[in-house]
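Colleague: give me a model of this one.
(one chain, ligands or ions: 3)
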Amino acid sequence: MDIIIIGFGAIGKGVAKVLYEKREYLKENFEEFKVVAITDSSGAAIDENGLDLKKAIDIKEKTGKIINYPEKGREMSSIDVIRNVDADVVVEVTPSNLETGEPAKTHILESFKNKKHVVTANKGPLALCYKELIEEAKKYNVIFRHEASVGGAMPIINLAKETLAGNEILSIRGILNGTTNYILTKMEKEGLDFETILKEAKELGIAETDPTQDIEGLDTAAKIVILANSIMGMNKTIKDVKVKGISRITPEAIFLANKRGYTIKLIGQIKDKYLIVEPMLIPIDSPLNVKGTLNVAMFETDLAKEVVVVGRGAGPIETASAILSDLIHIYQATRK
Ligand SMILES: NC(=O)C1=CN([C@@H]2O[C@H](COP(=O)(O)OP(=O)(O)OC[C@H]3O[C@@H](n4cnc5c(N)ncnc54)[C@H](OP(=O)(O)O)[C@@H]3O)[C@@H](O)[C@H]2O)C=CC1
Ligand SMILES: N[C@@H](CC=O)C(=O)O
Ligand code: NA
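Modeller: Residues are numbered from 1 along each chain as shown. Ligands and ions are numbered 1, 2, ... in the order given. As a prediction, the model looks like this:
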């Protein structure tokens with residue numbers, strides 16, 4: 001299966017690393033998963049025989065630009081790569097733009113038009129125009145998967161749509177942002193200040209390109225919109241969410257909460273058609289009290305009743321896990 005990676009930051013490189021490390025497993029169980037093009041803001045590296053992924057990561061880490069890939073670097077935009085390079089699937093992992101959805105929205109729609117399946121971790125277009133994307137994918141008869149867009153490696157979208165198929169999801173409540181959970185956990189355990197922990201989160205590749213999206217609750221808001229639309233049949237946008245972030249939470253506030261048997265978590269919830277994101281007092285022994293980059297989601301359903309999932313919500317390799325599972329799904333669905 002031939003793959004184009006659009007965006008070569010923390011997640012793009014994570015996907016390349018995982019495809020490299022799993023190359024024998026993929027070849028033995030499915031077929032060769034070949035990356036024929038990679039783009040970033042400098043341009044592209046293209047090789048129809050498959051790029052050397054180790055070399056691509058190395059060049060990007062040393063020079064900051066994929067265009068420096070020896071002999072295969074090109075001054076070509078992502079749109080031109082999507083239009084002109086033959087491939088089965090486009091992996092879209094540019095920054096999440098929660099105002100316009102661009103450039104990801106155009107990348108995704110252009111991929112559909114060019115009969116390429118799409119896997120994305122990008123929340124922007126999904127939170128702003130979910131219905132349009134689904135209709136366009138249908139129109140061009142291509143597969144559109146986005147497990148990594150909510151909860152990173154934590155199975156949630158495909159779990160609800162496939163494993164819990166037939167259930168009505170009545171409500172969802174959980175922690176859907178790894179960066180803020182990492183910050184709150186470090187404040188609680190080590191009493192560290194906000195800025196020091198945020199710097200660490202950026203270095204770990206878990207924060208958004210613009211980390212205010214994490215801190216101010218907008219990333220969680222985008223994720224609950226994606227869940228409302230993709231697994232609860234709603235038609236919401238980010239403007240429908242009441243949002244409050246964690247920028248005013250201090251180590252002292254968490255300390256006081258702890259003394260009373262509580263902790264503070266940034267909770268996203270969908271209940272009775274209302275979408276809310278806010279820091280909440282959570283009992284220490286609650287299943288919602290997960291630590292570090294872990295995410296958690298509690299579903300209430302009509303048949304299965306309560307279902308709780310926990311998993312790593314952010315991080316390059318963790319997120320690449322969800323992207324890989326979507327790629328394998330596409331391989332299986334198209335090679336029958
Ligand atoms: N980090 C995480 O844990 C998770 C992230 N996500 C989502 O995954 C996506 C990627 O995140 P992350 O890798 O952390 O972000 P980064 O900021 O690390 O990387 C973004 C990449 O996109 C590239 N880019 C920007 N504009 C374009 C363009 N027009 N064409 C091609 N490439 C472009 C950047 O280029 P350059 O390198 O030249 O600047 C960079 O390589 C985001 O949408 C994010 O919300 C989802 C789940 C988890
Ligand atoms: N910045 C996000 C990344 C995953 O979506 C987070 O911290 O959860
Ligand atoms: Na997920």
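
Colleague: who's in contact with the closest residue to ligand 3 within the chain?
Modeller: In the chain, the residue that lies nearest ligand 3 is Gly151 (3.9 Å; Cβ to the ion). No exception for glycine: its C-beta is placed from N, CA and C like everyone else's. Listed by Cβ atoms under 8 Å, 6 or more residues apart in numbering, the contact partners of Gly151 are 176, 223, 295, 297, 309, 311, 313.

Colleague: could you redo the last one with a cut-off of 7 Å?
Modeller: By Cβ atoms under 7 Å, 6 or more residues apart in numbering, the residues touching Gly151 are 176, 295, 297, 311, 313.

Colleague: pretty sure the third one sits against Ile156.
Modeller: Yes: under the criterion of Cβ atoms under 7 Å, Ala297 lies in contact with Ile156, with a separation of 5.6 Å.

Colleague: any common contacting residues for these two?
Modeller: Val309.

Colleague: ok, the residue in the chain positioned nearest to ligand 1 to Ile143 distance?
Modeller: Closest contact between the chain and ligand 1, by Cβ to the nearest ligand atom, is at Gly9 (1.8 Å). Using Cβ to Cβ, to the nearest Å, Gly9 is found at 24 Å from Ile143.

Colleague: chain center to the lowest-mean-pLDDT helix or strand in the chain, what's the gap?
Modeller: Across the helices and strands of the chain, the lowest-confidence element by mean pLDDT, DSSP states H and E is helix 194-203, at a mean of 93. Its chain's C-alpha centre and that of helix 194-203 lie 20 Å apart, by Cα atoms, centre = their mean, to the nearest Å.

Colleague: how about the helix or strand just after it, does it reach ligand 1?
Modeller: Next helix or strand after helix 194-203 toward the C-terminus (DSSP states H and E): helix 212-215. No: if you take Cβ under 6 Å from any ligand atom as the test, helix 212-215 misses ligand 1, and the best it gets is 7.8 Å.

Colleague: and helix 212-215, anywhere near ligand 2?
Modeller: Yes: judged by Cβ under 6 Å from any ligand atom, helix 212-215 comes into contact with ligand 2 through Asp214.

Colleague: buried residues in that helix?
Modeller: 213-215 (16 or more other Cβ atoms under 10 Å).

Colleague: now swap in stretch 19-33 and tell me
Modeller: Applying 16+ other Cβ under 10 Å to stretch 19-33 flags 19, 26, 33 as buried.

Colleague: pull the longest helix from the protein.
Modeller: helix 316-334 (DSSP state H).

Colleague: touching ligand 1 at all, that one?
Modeller: Yes: Helix 316-334 reaches ligand 1 (Cβ under 6 Å from any ligand atom) through Thr319.

Colleague: now that helix, how far from the chain's geometric center?
Modeller: 12 Å.

Colleague: buried set for that helix?
Modeller: Buried residues in helix 316-334 (16+ other Cβ under 10 Å): 316-331.

Colleague: now for Thr63, how many residues are close by?
Modeller: For Thr63, the neighbour count with other Cβ atoms under 10 Å is 12.

Colleague: list phi and psi for it.
Modeller: Dihedral angles phi and psi of Thr63 (degrees, to the nearest 10) take the values phi -110, psi -10.

Colleague: about what we covered before: give me the subset of the contacts of Gly151 lying in strands.
Modeller: The members of the contacts of Gly151 that map onto strands under DSSP state E are 295, 297, 311.

Colleague: ok, the last one touching Val150?
Modeller: No: between Gly311 and Val150 there is no contact under Cβ under 7 Å: 10.9 Å.

Colleague: who's more crowded, the two?
Modeller: Val150 (31 against 20).
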